[in-house]
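got a structure for you, letters missing:
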């Protein structure tokens, strides 16, 4: 019994909530330190004597003095049930913690384990798995760079073939490919092949995912379904910067659209005029032309009456979709993303 448990028992005694056995226990220990006037228990401030009683229990129990005639603390059926429930709760909690630890450990192992069917060992090929929490940079023999995401694996030959460069991926990676027109670069990800000559792009395909996505940062990328035919499928998707395609494994179809956060394309960064987003009484069409040039995305105005609507605004430092929000608010328009283009709808300047 701890000091806290004894204090609780004494409080129960003073409130008349003890069992007969518990009451006898308290009165026994009180009898060992009763005052020289031999007051009854009821006439004494038991709370004030609590430190002395506890000291008696501690000293005599630890010293194991036979003459002390120590009375063991009785436990009522109610307390037995409470103790059993308390210990059962602790046991359940320990089991739960162990199970959760095992689950997280298993998940960590599973996420870093390559899929054998995809990355089976092949002579002359090297497999690298990123089991850390940070991206891993890998330089290939042709100078291309792979930024491998955590819990992902990439496999590539120690020396590329004479006519093509091939790699296999499970997970996610960013590729910055050296330009070699005579040696196309091919990324095999499950049922999807990504073919480039020299560009930078993301490929995302976790082992347990139901889809594979490719997002282009620079250059052009062709994406198509992997088949036994030596020629690529006629239904290939060609992507340019800020475009992405998602291949659904269930229905074996590609869905193409824009990336979530379009970035300024490399060719526009060298043009200072293109990077200026300060407009004063500028026709809407000219504003949108600049956005098209900077982001490489087609923007369609469905109502020709809107093209000459003047716009005065500073759109500097805002991402594309925030810029469109501001433009539409000023021109009482709306926009939607449809495939790889943006459509703007409005009634024209006369309604501003």
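Looks like it arrived, so ask away. What you see is a predicted model; the values in this text were computed from it and never measured. Numbers count the residues shown, from 1 in each chain.

so what are the sheet partners of the strand or helix carrying residue 217 and their directions?
Element membership for residue 217, per DSSP states H and E: strand 211-218. Here strand 211-218 is paired, per DSSP bridges, with strand 200-205 (antiparallel), strand 243-248 (antiparallel).

go ahead and confirm residue 250 touches residue 209.
No. Checked against C-beta atoms under 8 Å, the pair residue 250 and residue 209 is beyond contact range at 11.2 Å. All C-beta atoms are positioned from the backbone trio N, CA, C, and that covers glycine.

more crowded one of these two?
Of the pair residue 250 and residue 209, residue 209 is the one with more neighbours under other C-beta atoms under 10 Å, namely 13 against 7.

in contact with that one: list those residues for me.
Going by C-beta atoms under 8 Å, 6 or more residues apart in numbering, residue 209 touches residue 249.

in which helix or strand would I find it?
In this structure, residue 209 sits in neither a helix nor a strand according to DSSP H and E.

and it, how far from residue 203?
Note on residue 209: its distance to residue 203, by C-beta to C-beta, to the nearest Å, is 12 Å.

do the same with residue 239
For residue 239, the distance to residue 203 - C-beta to C-beta - is 12 Å.

mind listing the shared neighbours of these two?
By C-beta under 8 Å, 6+ apart, residue 239 and residue 203 have these common neighbours: residue 214.

any low-confidence regions in the stretch 51-200 of the chain?
51-120 (pLDDT under 70).

do a quick rundown of the helices in it.
Under the criterion DSSP state H, counting those that start in this stretch, helices of the stretch 51-200 of the chain are mapped to 77-112.

isn't residue 217 up against residue 200?
Yes. Applying C-beta under 8 Å as the test, residue 217 and residue 200 come out as touching, 4.4 Å apart.

got any residues that touch both of those two?
residue 174.

what does the domain assignment say about this structure?
Each domain of the chain is listed here as a residue range: 3-74, 125-257, 266-351, per automatic domain parsing.

which residues in the stretch 251-352 of the chain form helices?
Assignment of helices within the stretch 251-352 of the chain using DSSP H, counting those that start in this stretch yields the ranges 266-269, 284-295, 320-331.

right, and those helices - which one's nearest residue 169?
Distances from residue 169 to each of those were compared by C-beta to C-beta, and the smallest falls on helix 266-269, at 24.0 Å.

thinking again about what came up before, Serialize the strands paired with strand 211-218 to TSV and add fields for mean neighbour count and distance to residue 314.
Output for the strands paired with strand 211-218, formatted as TSV (neighbours: other C-beta atoms under 10 Å; distance: least, C-beta to C-beta, whole Å):
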stretch	mean neighbour count	distance to residue 314
strand 200-205	22	30
strand 243-248	20	28
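
can you list those in a markdown table and add distance to residue 258?
What follows is the strands paired with strand 211-218, written out as a markdown table (distance: least, C-beta to C-beta, whole Å):
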| stretch | distance to residue 258 |
| --- | --- |
| strand 200-205 | 14 |
| strand 243-248 | 6 |
